[in-house]
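S.K.: sequence below, structure please.
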Amino acid sequence: MSQLDHVLQRLMALHPRLIDLSLERMRRLLAALGHPEQRLPPTVHIAGTNGKGSTVAYLAAMAAAAGLSAHAYTSPHLVRFNERIVLGGRQIDDASLIALLERVEAANGGQPITFFEVTTAAAFLAFSEAPADLLLLEVGLGGEFDATNVIPPPLVTVITPVGMDHMEFLGPDIATIAIAKAGILKPDVPAVIGRQSAAGLATIQRIAGQVGAPLSVLGQDWQLHATADGFGIEQSGSHSRWPRPALAGSHQIDNAAVSVMVARLLAHALPQLTDAAIAAGLSRARWPGRLQRLTHGPLCDLLPPGVEVWLDGLHNPHAADALVATVRTWRDQPLSLVTGLKANRAPAAIFGPLLPFVGRVRCVTIPEEPNVHTAESLAEALRLQGVVDVAPAPSLSAAVAEAGMGGGRVLICGSLYLAGAVLADNG
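M.R.: Just a heads-up that it's a prediction; the model follows:
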C-alpha cells in the first residue's frame, strides 16, 4: 500500500457514524484552514445526475484550446484518486496531495468528518494556492448540502439532467431530487439547464424564481438539433453550428451543447473563449470510462480480430436510458455484455433497458470493492429477467474472452468501479 493510500485510509476512519446532510462540518474545517474556498479561481459549479463529468471534460478542453489554465474537481475516480484534482490540466502528484491531506487532517483535529468533505477541503487548498483562469467544480452528491456548495457565487452554474439516483440521501422522486440539485443556484448567477423531465424542470424553475437565478433552459430558451456532422443551436433567432463532439454516444450531443452555452456565457469574463476555441474543445475532449472504445491492451488482445470493445460506467437507470439510445444503432453486429454491479443497485433497473439488444452476458464480481453483487447472484438476477445465455465468470479477463467468442461487440458496463477495474487491467 502506498503512502497516499495509507493517508486516505486513515481519513476514511473519521467518517461520522450518522450522516446528516449539512454544511456545518465543512464550514468548521474550512475556517480552521483559513477559508481557502474564498480564494478560488473564477468557478463553474456543476450539478446533475448524469453528464457532469462530460461537461467538465468539454469545458476543460475548450479552456485548453483557448490557452486558458483550468483546474477541475470531479468524482469518483476510476483508477487513481489523483484523477479527482486536476491543476491546470494535470492530475495532482502524490507528494502534493499527501501534504494537502495531512494539512487538512491536522486542521480537523480528529473530529468526525466525511471522506468527501476532507478531500474537498484538500482540493480547495490546492485550487486556492495554484493560480488559474478557471475552476470547473463538480458537485459530489445532490447540491444544496454538498461539500462544494460553500463557495462564493460562481460565474455560471449548470444543472445537467436530473434522474433517479442516491434516493436514500436525496429523496424518492425526481421533483425532490431536483430540489437538492437546484440548491447550487445563486442570485444573479446565470444557470444553464440541460434536458429535464417535466417534474424536474418545474422544480428547478420554481427554485430559480425564489433565488433570483436567471436560467437558460434547453428546449425552452434555446433549441438543439443534431446534424450529419455535429449539431446546431438556435437561440433568440440566431443559429450556430458545431462539430460532432469527441465523446461517443447520442446523449453527448446534449452534454456538448450545454457546454457550448456555458462557454459562451464565460466568454464575457474570458474573451479568449472564442467560438473557434469552443469548437476545438468539442473535438478534443476526453473522458475515460464513458462509452469509451478500447482499441488495444491486454483485455483487447484476448479477443478475435475485428471484435469491438466498449466501456461505459453505466451506474443508474437514467444512464441506462442514455446508453440504449446508442445501442439501438448497433444492429449491424451481435452485442454481448460484461457486467458487474454494486450491491445497492437493482439489476433489473440498471440492465433492463439494455437486455432486448443483448445476446450473451457474462457477470463478474467487481474486484477489490466491498458491497457488490457477486458474479453468481448477478447472473441469477439477470436469468430471472429472461436472459438465456448468462453465466458468472471467475475474472474480468475470462468474462471478456467468453463474451467476445462469437464476434461482434463487447460492452463492459454496470458501474464506474467496474470501469476503473477495466482501465487498470487494460493498461
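S.K.: what sits up against the helix or strand of the chain with the lowest mean pLDDT?
M.R.: Ranking every helix and strand in the chain by mean pLDDT, DSSP states H and E puts helix 167-170 at the bottom, with a mean of 72. Contact with helix 167-170 is made by 19, 21, 141-142, 176-177, 180, 344, as judged by CB atoms under 8 Å, 6 or more residues apart in numbering. Backbone N, C-alpha and C define where each C-beta goes, glycine included.
S.K.: C-alpha coordinates for that helix, PDB please?
M.R.: The C-alpha coordinates for helix 167-170 follow below in PDB (Å, rounded to 0.1, in the frame of the first residue of the first chain):
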ATOM      1  CA  MET A 167     -32.500   8.200  -3.400                       C
ATOM      2  CA  GLU A 168     -31.600   7.200   0.200                       C
ATOM      3  CA  PHE A 169     -30.000  10.700   0.500                       C
ATOM      4  CA  LEU A 170     -31.900  12.900  -1.900                       C
END
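S.K.: could I get the full set of helices for the stretch 301-427 of the chain?
M.R.: Counting by DSSP state H, counting those that start in this stretch, the segments of the stretch 301-427 of the chain that form helices are 317-327, 347-351, 375-384, 396-403, 416-425.
S.K.: mean pLDDT for these: which is lowest?
M.R.: Among the helices of the stretch 301-427 of the chain, helix 317-327 has the lowest mean pLDDT, at a mean of 86.
S.K.: how far does that one sit from its chain's centre?
M.R.: 15 Å (CA atoms, centre = their mean, to the nearest Å).
S.K.: need the contacts of helix 167-170 in CSV with secondary structure, can you?
M.R.: CSV is the format used below for the contacts of helix 167-170 (DSSP: H, G, I helix; E, B strand; the rest coil):
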residue, secondary structure
19, coil
21, coil
141, coil
142, coil
176, helix
177, helix
180, helix
344, coil
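S.K.: residue 82: which of those is nearest?
M.R.: residue 141 (20.7 Å; CB to CB).
S.K.: surely the closest one touches residue 114?
M.R.: No: counting by CB atoms under 8 Å, residue 141 stays clear of residue 114, with 9.8 Å between them.
S.K.: could you look up the SS state of the most centrally placed residue in the chain?
M.R.: By CA atoms, centre = their mean, the chain has its centre lying nearest to residue 53, at 3.5 Å. Secondary structure, three-state DSSP: residue 53 is helix.
S.K.: quick check: it vs residue 252, distance?
M.R.: Look at residue 53 and residue 252: by CB to CB, to the nearest Å, they are 11 Å apart.
S.K.: one more: residue 398?
M.R.: As defined by CB to CB, residue 398 lies at a distance of 31 Å from residue 252.
S.K.: higher neighbour count, the two?
M.R.: Per other CB atoms under 10 Å, whichever of residue 398 and residue 252 has more neighbours is residue 252, with 26 against 16.
S.K.: for that one, list the residues it contacts.
M.R.: Contacts of residue 252 (CB under 8 Å, 6+ apart): 54, 245, 291.
S.K.: so where's this structure shaky on pLDDT?
M.R.: Residue ranges of the chain with pLDDT under 70: 17-19, 166-167.
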